[in-house]
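[1] With the input below, show me the fold.
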Amino acid sequence: MAQPASIADYHRLAQRRLPKVLYDYADGGSFAEHTLRRNIEDLRALTLRQRVLRDVSTVSMSTTLLGQELRMPVILAPVGMGGMYARRGEVQAARAAEKAGVPFCLSTVAVCAVEEVAAATKAAPWFQLYMMKDRGFVQALLQRAWTAGARVLVLTVDLAVPGVRYRGSLAASPALTANLGRAIDGLRHLRWFMDVFVGGKPHLFGNLVPAVPSAKGLDDFWLWVRDGMDSAVTWDDVAWLRQHWSGPIVLKGILDVEDARQAVRAGADGIVVSNHGGRQLDAAPSSIAALPAIADAVGGDLTVLMDGGIRSGLDVLKALASGARGCLVGRAWVFALAVAGQQGVAHMLDILRTELRTAMALTGCTEIRAADRSLLTGLSEGKRPA
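    Coordinates of the predicted model:
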C-alpha cells in the first residue's frame, strides 16, 4: 500500500479498516450534519494572499501556548474511545505527539487512564474534563490527572445535553458489543479485531473505573456517563474548578462573543472556539466563521484556540490568520491511528507540518507568530462565494 499523502487519504483508508460503528462514531455529526460540513466548507472558502520574492529560506513554526513550547501550533484534541481505534490507542497517539513536539489532550472517556498515558511519555498530556454530578469523583479525577503530570485542563462546556446523532443511532452507545450485527461487522475487519478487540484489552474507560468498579464493558460506562453528566453546570463551576486545579484552565466549546467575554471574567486562561466537531447544535456556525469576532473581543485577554474542520496545514494557517493561536485536530489523528497506529499519527503530523511550512512560505510568512489577517484576501472577511 502506498503511504497516504494527505489527511483525506487517512480518512478514506480508515473507513475501510474500521467496523462501521466505530467509523461512524468518529466521523459523524448531529442531525443532518450541516454544521459538520460547514466547518470544512467555510475553511475551504477562505483564500490566502500568495506573495513572491520574499526570503523564506527560514520558516519558524514554533510557538508558546499556555506556558508550553510547541514545534508547531497544533494540539491533538480529546477524542473519546481512542483506544478502540488501535491497541491502547491513546498511548500510541500521545507518543507520536511527544515526538512531534505538540501536546496530546486525553479525554475523560478515554480507554487508557491518565496514569497509563502519562507513564508512556515524558511529556505529560493535557486533560479534558466532562463535569459530572458527582463532584467528589471530579475532584478525585482532577487530583489523579495532576499527580500524573497534567498541567493544562480543558473543560468541555458545550455538552449540557448530547447532540442528536442520527448516523447509526450512536447517541445511545457506540460499543461494538451492543448487538450481534456489530459483532459480526467487527469480525469482518480481522486486522482491527485481532489488534484491538483481542489484543487491546481491557476495554474500559480507564479514568472512570473508580466510579463504576462493577463495569464489565464500555456499555456499562456509557450508562454511567449518560446518567452522571451534569446539565446544571454554570459559570460558577469554573470558579469551583479553579479551587481544585492550579494550572491553566481552557474552556472548549465557545462560539459566542458574549460567552468568550464571560470566560475572561470567569478567569479562564484559554478558550477553544468549537462546535464540538459539528456533533452538537446542527444550526451552529462553523468554528472558523465564529473565530474572528471572538479573537477580536478577547484575544488580548486569554489564549484563543480553534477546533473544527482542520484537515490540512493550509487550514491551520487560515485559522491562525483569523485569530487563533493554535488548532486542535481530532478526527485526523483518530483516523491515522486506525490506519497505522503510532506511526500513522506521526506521519499525519508530518503532513500537517510540511503543509503548514509550505503555506507559510508561499504567503511570505516566516514566523508563525506573525500570522494575521493580512495573510487573507478580501474573500475571507466574512464573505462567502455567491
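[2] can we go C-alpha only for contacts and neighbour counts from here?
    Will do.
[3] tell me the helices in this protein, going along the chain?
    Using DSSP state H, the helices of the chain run over residues 7-17, 20-27, 34-45, 89-100, 114-120, 135-148, 180-188, 190-192, 218-228, 236-244, 257-265, 287-298, 313-321, 331-362.
[4] Residue 69: what's its closest spatial neighbour, skipping adjacent residues?
    residue 63 (6.0 Å; Cα to Cα, 6 or more residues apart in numbering).
[5] Quick check, pLDDT for the one you found.
    pLDDT, residue 63: 98.
[6] looking at the sheet around it, what are its partners?
    residue 70 (DSSP bridges).
[7] Would you confirm that it contacts residue 101?
    No - Residue 63 is beyond contact range of residue 101, at 10.6 Å (criterion: Cα atoms under 8 Å).
[8] Which neighbours do those two have in common?
    In terms of Cα atoms under 8 Å, 6 or more residues apart in numbering, residue 63 and residue 101 are both contacted by the residues 70-72.
[9] now the end-to-end length of stretch 363-373.
    Using Cα to Cα, to the nearest Å, the end-to-end distance of stretch 363-373 comes out at 12 Å.
[10] contact partners of it?
    Here stretch 363-373 makes contact (Cα under 8 Å, 6+ apart) with 48-52, 54-56, 58-63, 317, 320-323, 325, 360, 375.
[11] Check the gap between residue 235 and residue 265 for me.
    Using Cα to Cα, residue 235 is found at 9 Å from residue 265.
[12] burial count for the residue nearest to residue 69?
    Residue 63 has 18 neighbours, counted by other Cα atoms under 10 Å.
[13] Residue 24 now?
    Look at residue 24: counted by other Cα under 10 Å, it has 18 neighbours.
[14] same check, this time on residue 96
    27.
[15] for the residue lying closest to it once chain neighbours are set aside, what are its contacts?
    Take residue 96 and drop its neighbours on the chain: the residue closest to it by Cα to Cα, 6+ apart is residue 346, 4.9 Å away. Residue 346 makes contacts with 96-97, 99-100, as judged by Cα under 8 Å, 6+ apart.
[16] Let's see that with 10 Å instead.
    Contacts of residue 346 were listed using Cα atoms under 10 Å, 6 or more residues apart in numbering, and they are 92-100, 333, 336-337, 340, 352.
[17] how far away is residue 167 from residue 80?
    According to Cα to Cα, residue 167 and residue 80 sit 17 Å apart.
[18] One more: residue 346?
    Residue 346 is 20 Å from residue 80, where distance means Cα to Cα.
[19] do residue 329 as well
    For residue 329, the distance to residue 80 - Cα to Cα - is 13 Å.
[20] So which of the two has more stuff around it?
    residue 329 (23 against 19).
[21] which residues does that one form a beta bridge with?
    Note on residue 329: beta-bridge partners by DSSP bridges are residue 76.
[22] Do I have it right that it meets residue 78?
    Yes - assessed by Cα atoms under 10 Å, residue 329 is found in contact with residue 78 at 8.7 Å.
[23] quick one, what contacts the residue lying closest to residue 206 once chain neighbours are set aside?
    Leaving aside its chain neighbours, residue 206 sits nearest to residue 113 (4.0 Å; criterion: Cα to Cα, 6+ apart). Shown in contact with residue 113 (Cα under 10 Å, 6+ apart): 88, 90-91, 106-107, 144-145, 204-209.
[24] how about those residues in CSV, adding pLDDT and neighbour count?
    Listed next are the contacts of residue 113 as CSV, based on pLDDT from 0 to 100; neighbours: other Cα atoms under 10 Å:
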residue, pLDDT, neighbour count
88, 98, 26
90, 98, 33
91, 98, 27
106, 98, 34
107, 98, 27
144, 98, 16
145, 98, 25
204, 93, 24
205, 96, 25
206, 96, 18
207, 97, 22
208, 96, 21
209, 95, 13
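[25] Check which residues of stretch 112-122 are buried.
    Burial within stretch 112-122, assessed by neighbour count using 16 or more other Cα atoms under 10 Å, is assigned to 112-118, 121.
[26] I should have written stretch 58-75 there, sorry.
    For stretch 58-75, burial by neighbour count (16+ other Cα under 10 Å) applies to 59, 61-63, 65, 70, 72-75.
[27] quick revisit: what's the spacing between the residue nearest to residue 206 and residue 210?
    According to Cα to Cα, residue 113 stands 11 Å off from residue 210.
[28] any weak-confidence spans in the stretch 251-386 of the chain?
    For the stretch 251-386 of the chain, the stretches flagged by pLDDT under 70 are 378-386.
[29] wait, the stretch 101-250 of the chain
    Scanning the stretch 101-250 of the chain for pLDDT under 70 picks out the ranges 168-183.
[30] about what we covered before: and the contacts of residue 346, which are buried?
    Applying 16+ other Cα under 10 Å to the contacts of residue 346 flags 92-98, 100, 333, 336-337, 340, 352 as buried.
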